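Participant: I need the structure of the sequence given here:
(chains A, B, C and D)
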2 protein chains.
Amino acid sequence: MRIGELSRATGVPVPTIKYYLREGLLPPGELTSPNQATYGEAHERRLRLIRALLDVGGMKVADIADVLTALDDPVRPLHKVLGAAADRLGAARVEHDDTESAAAQEVVADLVSRRGWRTHDSDPAATDLTTALAAMARLGHGAFVEVLDDYADAAERVARADLGYVDRRVSVEHMVESVVIGTVLGEAVFSALRRLAHVDASAKLYGTEGPQGRKTS
Amino acid sequence: MRIGELSRATGVPVPTIKYYLREGLLPPGELTSPNQATYGEAHERRLRLIRALLDVGGMKVADIADVLTALDDPVRPLHKVLGAAADRLGAARVEHDDTESAAAQEVVADLVSRRGWRTHDSDPAATDLTTALAAMARLGHGAFVEVLDDYADAAERVARADLGYVDRRVSVEHMVESVVIGTVLGEAVFSALRRLAHVDASAKLYGTEGPQGRKTS
DNA sequence: GACAGATAGATAGCGGCGCTATCTGCTATC
DNA sequence: GATAGCAGATAGCGCCGCTATCTATCTGTC
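Facilitator: Numbering: from 1, shown residues only, chains lettered A, B, ... in the order given. Below is the predicted model:
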């Protein structure tokens, strides 16, 4: 498979593929001559993965490079790859050193210990959670912590579903990749579902769209 | 309150505040002279909201402007504002016209009717969901739809928690703003919780961190 | 073996975004 | 009156994800 066919097969322009090659997102093709290379199905698969992480997952090219590098590491430390993937999903870190942050930190620590979660404060997800809760507190929504356990229940449910899916559906060789896909794209899936459910719940509570679901827009 | 104080109170640089004013994210201050203005607590609150939507929610400045414009509309059509907010959360739209998209579309339609959700296909969230599921299918994870109901259960739970929180905690005047905050920042909260729960579930299933949660990184 | 078309690799540039820097009058405060 | 700050305007910057262009080479077809 030459680069043009790869381009046609995936819908990604040739210059863009070359760009991904330069950035190390895509391993180089096998050289058949000093300036000719062929690409296999692995490249096609990888290219689709890149586009999914970019377009659907909203990840940055540099972050995708890190994750894929970890993914290709022959000595795959599972949790390192997952860490590399998960760490890229959070928002940009913004330092705050105020009472809200301190309070949020405590809330998170409480939550983690209350639920017996096996993690530690240095987990970037914990930092993200703290940041988000602190931001809410600053906006006058410190009381949001009251629904945190509902959120956590739902998160546990989703996490169990994810792990169960990966455990029973996926061949070992693609397991890590699957977890990355599940983590990143699963987030997009849940986000959309949450917004759909939001509309429905809002309709039920306030009747903004009428009880029979008729379309008012 | 002058612009310098506003800057000090929020940690946002003065030129950045001016930029937000230019972009219409922040209403202009009250002019006391042709070139002097004062800002009130509403400005401070709004500024914090902007930073939260930007930094934690990952929204774009132009999208924030749209949402805030809808928010300030005296004739607040609740669902319009929510739509404006929710519509900005999805990933960039990428057109695909293939079998995966068609299949995903059907899956989403099934899901919506199965759960009796009061929404319709034109809901951007439905489009986002279709996009995400189609991307998964293209990556060989069409079977992910098997866990879709688990996801939907969790999403309903979160949506109920959101609505309940807003309904009982928030004064009417700030209700719409609260829903925006809950929708956008709640997404960040859930994302972090999901990743935390992921680590825990993974530890339980594979023991990557040992049963006592010791740190291996 | 000539020739059109694709290719590898390199370099430069582009468009969007979120600011940031700078300048010109003016104003508040001491 | 000196100093600091301010409003409003314009220009530029740094990052990011490509995109355009060029050279030298290779492939496939007649």
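Participant: going forward, measure contacts between C-alpha atoms and count neighbours the same way
Facilitator: Fine.
Participant: where along chain A do the strands fall?
Facilitator: A:30-33, A:36-38 (DSSP state E).
Participant: Contacts for the longest one next, please.
Facilitator: Residues external to strand A:30-33 that are found in contact with it (CA atoms under 8 Å, 6 or more residues apart in numbering or on different chains): A:Ala37, A:Thr38, A:Tyr39.
Participant: Closest to chain B out of those residues?
Facilitator: Of all the contacts of strand A:30-33, chain B sits closest to A:Tyr39, with 17.6 Å by CA to the nearest CA.
Participant: if I pick that closest one, what's in contact with it?
Facilitator: Contacts of A:Tyr39 by CA under 8 Å, 6+ apart are A:Met1, A:Arg2, A:Ile3, A:Leu6, A:Gly29, A:Glu30.
Participant: Count the neighbours of the closest residue to A:Pro27 other than its chain neighbours for me.
Facilitator: Nearest residue to A:Pro27 in three dimensions, chain neighbours excluded: A:Leu21, at 6.3 Å (CA to CA, 6 or more residues apart in numbering or on different chains). For A:Leu21, the count of nearby residues is 14 (other CA atoms under 10 Å in any protein chain shown).
Participant: what do you get for A:Leu129?
Facilitator: Quick note: A:Leu129 (other CA under 10 Å) scores 27 neighbours.
Participant: for A:Asp87, phi and psi?
Facilitator: Dihedral pair for A:Asp87: phi -60, psi -20, per degrees, to the nearest 10.
Participant: Please name the nearest non-neighbouring residue to it.
Facilitator: Nearest residue to A:Asp87, sequence neighbours excluded (CA to CA, 6+ apart): A:Pro124, at 6.0 Å.
Participant: Can you tell me which of the contacts of A:Tyr39 are classed as buried?
Facilitator: A:Ile3, A:Leu6, A:Gly29 (16 or more other CA atoms under 10 Å in any protein chain shown).
Participant: A:Val184: which of the residues you listed is nearest?
Facilitator: For those, the closest approach to A:Val184 (CA to CA) belongs to A:Leu6, at 24.3 Å.
Participant: ok, now how distant is the one residue in chain A that gets nearest to DNA strand D from B:Ile50?
Facilitator: Among the residues of chain A, A:Lys60 lies closest to DNA strand D, at 3.3 Å counting by CA to the nearest atom of the strand. Separation of A:Lys60 from B:Ile50 (CA to CA, to the nearest Å): 22 Å.
Participant: Give me the more crowded residue out of these two.
Facilitator: Ranked by neighbour count (other CA under 10 Å), A:Lys60 and B:Ile50 place B:Ile50 first, with 21 against 13.
Participant: wait, the more buried one sits on B:Asp63?
Facilitator: No. Counting by CA atoms under 8 Å, B:Ile50 does not reach B:Asp63; the two are 10.8 Å apart.
Participant: Is there proximity between the lowest-mean-pLDDT helix or strand in chain A and chain B?
Facilitator: Ranked by mean pLDDT, DSSP states H and E, the weakest helix or strand in chain A is helix A:78-86, scoring a mean of 73. Yes. Using CA under 8 Å from any CA of the partner chain, we find that helix A:78-86 touches chain B at A:Leu78, A:His79, A:Ala86.
Participant: Show the contacting residues for the last one.
Facilitator: For A:Ala86, the set of contacting residues under the criterion of CA under 8 Å, 6+ apart consists of A:Ala125, A:Thr183, A:Val184, B:Arg195.
Participant: give me that answer again for 10 Å
Facilitator: Applying CA atoms under 10 Å, 6 or more residues apart in numbering or on different chains, we find A:Ala86 in contact with A:67, A:79-80, A:123-125, A:180, A:183-184, B:191-192, B:195-196, B:198-199.
Participant: residues of stretch A:198-208 that come out buried?
Facilitator: A:His198, A:Val199, A:Asp200, A:Ala201, A:Ser202, A:Ala203, A:Lys204, A:Thr208.
Participant: Now intersect these with the helices, please.
Facilitator: A:His198, A:Val199, A:Asp200, A:Ala201, A:Ser202, A:Ala203, A:Lys204 (DSSP state H).
Participant: nearest spatial neighbour of the first one, skipping sequence neighbours?
Facilitator: The spatial neighbour of A:His198 that comes closest, neighbours along the chain excluded (CA to CA, 6+ apart), is B:Ala159 at 5.1 Å.
Participant: So what's the residue count around the one you found?
Facilitator: Quick note: B:Ala159 (other CA under 10 Å) scores 26 neighbours.
Participant: same question, A:His120
Facilitator: Neighbours of A:His120 (other CA under 10 Å): 16.
Participant: swap in A:Ala125?
Facilitator: 28.
Participant: Can you tell me the closest non-neighbouring residue to it?
Facilitator: B:Ala192 is the one closest to A:Ala125 (CA to CA, 6+ apart), at 4.8 Å.
Participant: Also A:Met59?
Facilitator: Nearest non-adjacent residue to A:Met59, counting by CA to CA, 6+ apart: A:Leu53, 5.8 Å away.
Participant: again with A:Ala85
Facilitator: A:Val67 (5.5 Å).
Participant: Now do the same contact list for that neighbour.
Facilitator: Here A:Val67 is in contact with A:25, A:61, A:73, A:80-88, A:177, A:180 (CA under 10 Å, 6+ apart).
Participant: Tell me the buried residues within those residues.
Facilitator: Among the contacts of A:Val67, the ones that count as buried by 16+ other CA under 10 Å are A:Leu25, A:Val61, A:Val81, A:Leu82, A:Gly83, A:Ala84, A:Ala85, A:Ala86, A:Asp87, A:Arg88, A:Glu177, A:Val180.
Participant: how close does the spatially most central residue of chain A sit to A:Thr16?
Facilitator: Among the residues of chain A, the one closest to the centroid is A:Val184, at 2.4 Å (CA atoms, centre = their mean). Distance of A:Val184 to A:Thr16, given as CA to CA: 22 Å.
Participant: Is stretch A:90-97 positioned near DNA strand D?
Facilitator: No. Using CA under 7 Å from any atom of the strand, stretch A:90-97 stays clear of DNA strand D, with a minimum separation of 11.1 Å.
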